[in-house]
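**Student:** This is a predicted model, with the sequence first.
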Amino acid sequence: MRNIFSAPKTPSPPRRTTFSSSIMDENMESASAIILKWNTDSLAQAKSSPLFFGDRAESKVFLKSIEELHFAIKYFISETYSSDKLVQGQNLMQLAMKRLEKEFYIILAAQRDFLDSESSLKSSVSSYTDDVSDDESRLDEILARDQTIENQFEKAMVDLKQIADCMITHGYGNECAKIYKLVRKSVVDEKLYYLGVENSSFSQIQKLDWETVDLKIKQWVNAMKFAIRTLFRGERILCDHVFAASGTIRESCFAEISISGALMLLSFPEIIAKCKKSPEKIFKLLDLYDAISQHWEDIVDIFSFDSTSTVRLQAHSALSKLGDAIRITLSEFESAIQKHTSKSVLPGGGVHPLTRYVMNYFVFMVDYSSILPEIIAEDPVTTTASFSMPESYFSTSPEESPSAISLRFAWIILVLLCKLDGNAQQYKDVSLSYLFLANNLNYIVSKVRNSNLKVLLGEEWVVKHQSKVEQYASNYERMSWTKLNQSLPNNPAADISPEEAKKSFLLFNSIFEESYRKQSRWTVTDPKLQHQIKTSVANQVVPVYREFYENNRQFFRREVGVEAIVRYAPEDVENYLSDLFSGNVGESTSSYSSVAASPAREIRRR
């Protein structure tokens, strides 16, 4: 149409007045009156007297006049009517479009904070009601206010679409889109700013201390949820609605509004993935990965246009880089366990700090079981672990094979067990080394049994290693208490001479006192295991001693110094045994490597 009116003017042929032409003349005059009535060059004046207000009666008349004008212009063109009429009609159309531009801007500006989407509005209402659920009057006030906002939102959505449809239909879609991009991009940028999303470089992040980076990661995770599910989804919904009449304009508007902000948002995890790795930081990497993974389908759906493919690529790149960083960190964690050294043995044979750290590490990691399988599946170390794993480590049928994450976790726990075997060999007392192994393996099994690790490793793994705990405990009992029983006759009920009885009592006293003195400093941390070992030891020692005691104590009833010979009644022995494993010597963590000495804040001692 614009090309038609830019062509050189030619003399208009004389026209014949017809019924149709007279009707078109009347339509143009009627439209002219309405358009000129609302024509103004001042935005302030347009704001003070808006078309789209109240019952929208004036806006309906205005839009109808544009349709009548458009119909008249088409008629005049088809009838090769006077160019003066065509120029008049085009000028009136331009004035109408300028007024609609102003109305479009006024509505966008007025509703800029409430046009994200209907879903975001409802979520904000929900958060308000949660905050004031105890104050009924306050709740009614908020609900009434938000109902008003929702009504305004719905009317604004209708108005914007009507204006956009009209402008696109009459060839002014680009002017409409220009205003839309200007207003909505400022909204998106402003909200991202308040969410803490900013352009950051690797060098800037690298200079920050970990506490600051940790805070930024938490802030980003919260920002990611709002930005994808509310901000960008809301903008896509709004854009699709307003520019339903033109797919090209719809895509162009959304791309220009969202791409820069979305890329800025999704570049942050990639920067963190490049930072220096340490075992405890893996949880923050997992938080970042999980945040993107949870919103992956939303990202694909919202940024589905070809022009917004860079956002999808950036999200995929961030996941890839985070996955690499997580796999590297896990490998470094395994390496740290293998390299761990202790300058001294753990007093009392209790649970080693390394055991606590590693198992709590896994307990926290298993909380990310929704994303770990896809990360671990791409880890080449998992393949190596599957070939290096002892035969029948997993009791599965030939048709079933353990998952990659199960293999990876089981392998690192096996590395820990091998390290604990090496630590056990540092004890000079073999029986204490077995108690140390029983304590640590029992702790490992308990952590697996009482967490989601059991789902990964399976019941067979738990049963097998629990059996190993019992074997270690049995070895401890045999090494620690067999010698005490051997101090008594093979048949404690057999008749022996007083001299032989005296030797047996004195030998029993000596061995028992030495064993108690030494083992009173040993510890069994798990109450259930402690009770089991105490009961087993008592059942092994007390009945034999009681029988010998009952048969031979009469020899020493009147002898001087009898207390030095028969020092303990069976009840005394039983009481002493019940006091074992309290662990008078505490655990010291000062001599352990950074794997155990610098645990993550998230990993609490259990």
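**Tutor:** Looks like it arrived, so ask away. Quantities reported herein were computed from a predicted structural model and do not represent experimental measurements. Numbering: from 1, shown residues only.
**Student:** Quick one: mean pLDDT over stretch 333-353.
**Tutor:** The average of the pLDDT scores along stretch 333-353 is 87.
**Student:** What residues sit buried inside it?
**Tutor:** For stretch 333-353, the neighbour count (16 or more other Cβ atoms under 10 Å) marks 333-334, 336-337, 340, 342, 345-353 as buried. For the C-beta atoms, the positions are set from N, CA and C on the backbone; glycine is no exception.
**Student:** element containing Leu215, please.
**Tutor:** Assigned by DSSP states H and E, Leu215 belongs to helix 210-226.
**Student:** before we move on, back to that, identify, from the buried residues of stretch 333-353, the entry nearest to Leu457.
**Tutor:** Glu334 (16.5 Å; Cβ to Cβ).
**Student:** got a list of contacts for the helix holding Leu215?
**Tutor:** 192, 195-197, 205, 208, 265, 268-269, 272, 275, 281, 284, 287-288, 291-292, 295 (Cβ atoms under 8 Å, 6 or more residues apart in numbering).
**Student:** ditto for stretch 56-75
**Tutor:** For stretch 56-75, the surrounding residues in contact (Cβ under 8 Å, 6+ apart) are 1, 20-21, 24-25, 27-28, 30-32, 34-35, 38, 51-53, 81, 86, 89-90, 92-93, 96, 99, 103, 155, 159, 162, 166, 169-170.
**Student:** Helices along the stretch 401-550 of the chain, start to end?
**Tutor:** Listed in chain order, the helices of the stretch 401-550 of the chain (DSSP state H, counting those that start in this stretch) span 404-424, 430-449, 453-457, 459-486, 498-519, 527-552.
**Student:** Make a markdown table from those helices and add mean pLDDT and distance to Asn222 to it.
**Tutor:** Converted to a markdown table, the helices of the stretch 401-550 of the chain look like this (pLDDT from 0 to 100; distance: least, Cβ to Cβ, whole Å):
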| stretch | mean pLDDT | distance to Asn222 |
| --- | --- | --- |
| helix 404-424 | 92 | 27 |
| helix 430-449 | 95 | 30 |
| helix 453-457 | 92 | 29 |
| helix 459-486 | 92 | 37 |
| helix 498-519 | 89 | 53 |
| helix 527-552 | 90 | 41 |
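**Student:** wait, which of those is closest to Val573?
**Tutor:** Of all the helices of the stretch 401-550 of the chain, helix 527-552 sits nearest to Val573, with 5.7 Å by Cβ to Cβ.
**Student:** Output the lowest mean pLDDT helix or strand found in this structure.
**Tutor:** Ranked by mean pLDDT, DSSP states H and E, the helix or strand of the chain with the weakest confidence is helix 594-597, at a mean of 40.
**Student:** Tell me how many other residues crowd Phe52.
**Tutor:** Using other Cβ atoms under 10 Å, Phe52 has 22 neighbouring residues.
**Student:** Got the confidence number for it?
**Tutor:** For Phe52, the predicted pLDDT is 87.
**Student:** helix or strand for it, which one?
**Tutor:** Using DSSP H and E, Phe52 falls within no helix or strand.
**Student:** Could you pull up phi and psi at it?
**Tutor:** Dihedral angles of Phe52 (phi, psi; degrees, to the nearest 10) stand at phi -90, psi 80.
**Student:** ok, it touching Leu108?
**Tutor:** No: contact between Phe52 and Leu108 fails when scored by Cβ atoms under 8 Å: they sit 11.6 Å apart.
**Student:** so where's the stretch 251-400 of the chain uncertain?
**Tutor:** Residue ranges of the stretch 251-400 of the chain with pLDDT under 70: 381-400.
**Student:** Got a quick ChimeraX command for the buried subset of the contacts of helix 210-226?
**Tutor:** Per 16+ other Cβ under 10 Å, the buried members of the contacts of helix 210-226 correspond to this ChimeraX selection:
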select :192,195,197,205,265,268,269,272,275,281,284,287,288,291,292,295
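**Student:** In helices, which of the contacts of helix 210-226 appear?
**Tutor:** Under the assignment DSSP state H, the contacts of helix 210-226 contribute Leu192, Ile205, Leu265, Phe268, Pro269, Ile272, Lys284, Asp287, Leu288, Ala291, Ile292 to helices.
**Student:** among those, which two are most distant?
**Tutor:** The span of the ones in helices among the contacts of helix 210-226, defined through Cβ to Cβ, is set by Leu192 and Lys284 at 21.2 Å.
**Student:** what comes up buried for the helix holding Leu215?
**Tutor:** Buried residues in helix 210-226, counted by 16+ other Cβ under 10 Å: Val213, Lys216, Ile217, Trp220, Val221, Ala223, Met224, Phe226.
**Student:** continuing past it, what's the next helix or strand?
**Tutor:** Where DSSP H and E defines the elements, the next helix or strand beyond helix 210-226 is helix 233-242.
**Student:** pLDDT wise, what is Pro13 at?
**Tutor:** Reported pLDDT for Pro13: 52.
**Student:** thinking again about what came up before, where helices are concerned, which of the buried residues of stretch 333-353 count?
**Tutor:** Per DSSP H, helices hold the following members of these: Phe333, Glu334, Ala336, Ile337, Pro353.
**Student:** Same list, these, but as CSV with distance to Arg236 please.
**Tutor:** Listed next are those as CSV, based on distance: Cβ to Cβ, whole Å:
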residue, distance to Arg236
Phe333, 40
Glu334, 43
Ala336, 45
Ile337, 47
Pro353, 51
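**Student:** Mind telling me the two of those farthest from one another?
**Tutor:** Among these, the pair separated by the greatest distance (Cβ to Cβ) is Glu334 and Pro353, at 17.4 Å.
**Student:** List the contacts of stretch 258-268.
**Tutor:** So stretch 258-268 is in contact with 188-189, 192, 197-200, 216, 220, 223-224, 227, 232, 235-236, 292, 303, 307-308, 310-311, 314-315, 318, going by Cβ under 8 Å, 6+ apart.
**Student:** Stretch 323-337 now?
**Tutor:** With contacts defined as Cβ under 8 Å, 6+ apart, stretch 323-337 is touched by 272-274, 277-279, 281-282, 285-286, 289, 354, 358, 361, 374-376, 378-379, 381, 408, 411-412, 415-416, 419, 593-595.
**Student:** Equivalent analysis for stretch 541-550, please.
**Tutor:** Residues outside stretch 541-550 that contact it (Cβ under 8 Å, 6+ apart): 481, 484-485, 488-489, 492-493, 504, 508, 566, 568-570, 573-574, 577.
**Student:** mind listing the helices for the stretch 1-150 of the chain?
**Tutor:** Secondary structure of the stretch 1-150 of the chain (DSSP H, counting those that start in this stretch): helices at 2-6, 19-37, 43-48, 57-78, 83-110, 118-131, 136-169.
**Student:** okay, these in CSV with mean pLDDT and mean neighbour count next?
**Tutor:** Listed next are the helices of the stretch 1-150 of the chain as CSV, based on pLDDT from 0 to 100; neighbours: other Cβ atoms under 10 Å:
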stretch, mean pLDDT, mean neighbour count
helix 2-6, 45, 9
helix 19-37, 80, 16
helix 43-48, 83, 12
helix 57-78, 87, 18
helix 83-110, 89, 19
helix 118-131, 43, 14
helix 136-169, 74, 16
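**Student:** Go through these and name the closest to Ser515.
**Tutor:** Nearest of the helices of the stretch 1-150 of the chain to Ser515, taken as Cβ to Cβ: helix 118-131 at 62.8 Å.
**Student:** Run the chain-centre distance for stretch 343-358.
**Tutor:** 31 Å (Cα atoms, centre = their mean, to the nearest Å).
**Student:** Dump the C-alpha coordinates for it into PDB.
**Tutor:** Presented in PDB, the C-alpha positions along stretch 343-358 are these (Å, rounded to 0.1, in the frame of the first residue of the first chain):
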ATOM      1  CA  LYS A 343      51.100 -41.000  60.800                       C
ATOM      2  CA  SER A 344      49.600 -42.800  63.800                       C
ATOM      3  CA  VAL A 345      46.900 -45.300  64.400                       C
ATOM      4  CA  LEU A 346      43.500 -44.300  65.600                       C
ATOM      5  CA  PRO A 347      43.500 -44.900  69.400                       C
ATOM      6  CA  GLY A 348      40.900 -47.300  70.600                       C
ATOM      7  CA  GLY A 349      40.200 -48.800  67.200                       C
ATOM      8  CA  GLY A 350      37.100 -46.800  66.600                       C
ATOM      9  CA  VAL A 351      35.600 -45.400  63.400                       C
ATOM     10  CA  HIS A 352      38.200 -43.600  61.400                       C
ATOM     11  CA  PRO A 353      37.500 -40.000  60.400                       C
ATOM     12  CA  LEU A 354      38.200 -41.000  56.800                       C
ATOM     13  CA  THR A 355      35.400 -43.600  57.000                       C
ATOM     14  CA  ARG A 356      33.000 -41.100  58.400                       C
ATOM     15  CA  TYR A 357      33.900 -38.500  55.800                       C
ATOM     16  CA  VAL A 358      33.600 -40.900  52.800                       C
END
